[in-house]
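# Next one to model:
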Amino acid sequence: MLRPLQLSDAEQTQRFFPQWEIVKFLNSKVPWPYPADRVPNVYRNEILPAIERGEEWHWTVRLKETPEQHIGVSSLHRDEWDNRGCWLGLPWCGQGLMTEAVVLVNDYWFDVLGFPRSARAGGDR
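From the prediction side, this is the model:
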């Protein structure tokens, strides 16, 4: 399941996200070591304002069996070179869960938001 990201998700994100096995695959804007209080600040001061401005879209990834807990995040950004992002908590890796989420997020990018496929990404859709 995908659910729009909210400030109340920050505590769970802070618990699962700051692990080198996750962060090492992200862009250089993500600091390492990851500060213990960074997620609430990033959500409040960066991500949620960008969502309100219509520049970014973020969803928490959740299992249908435990919808109260999120296990990762998938996001879209209006940036030409860095327009998708995702991470999944280590206990849930290797099960195809993020692949399933990314398909939904990509469909949203093209079918709902109407963004074209970049020529650098493989031509027109």
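# Report the beta-bridge partners for the residue nearest to the spatial centre of the chain.
Among the residues of the chain, Ser74 comes closest to the average C-alpha position under C-alpha atoms, centre = their mean, at 2.6 Å. Beta-bridge partners of Ser74, counted by DSSP bridges, are Trp59, Cys86.
# quick one, what contacts it?
Contacts for Ser74 were tallied using C-beta atoms under 8 Å, 6 or more residues apart in numbering; they are 2, 58-59, 61, 84-86, 98, 101-102, 104-105. In short, each C-beta sits where N, CA and C put it, glycine included.
# do that again at 10 Å, thanks
Going by C-beta atoms under 10 Å, 6 or more residues apart in numbering, Ser74 touches 2, 5, 57-61, 84-88, 98, 101-102, 104-106, 108.
# Show me which of these are buried.
Buried residues within these, defined by neighbour count using 16 or more other C-beta atoms under 10 Å: 2, 5, 57-61, 85-88, 98, 101, 105, 108.
# Extract the residue ranges of this protein that are flagged as low pLDDT.
Counting by pLDDT under 70, the ranges of the chain that qualify are 118-125.
# Helices of that one, residue ranges please.
Residue ranges of the helices in the chain, as given by DSSP state H, are 10-16, 20-23, 38-42, 48-52, 97-107.
# Packing partners of the second one?
Read that as helix 20-23. Here helix 20-23 touches strand 84-88, going by 3 or more C-beta pairs under 10 Å, 6 or more residues apart in numbering; DSSP states H and E.
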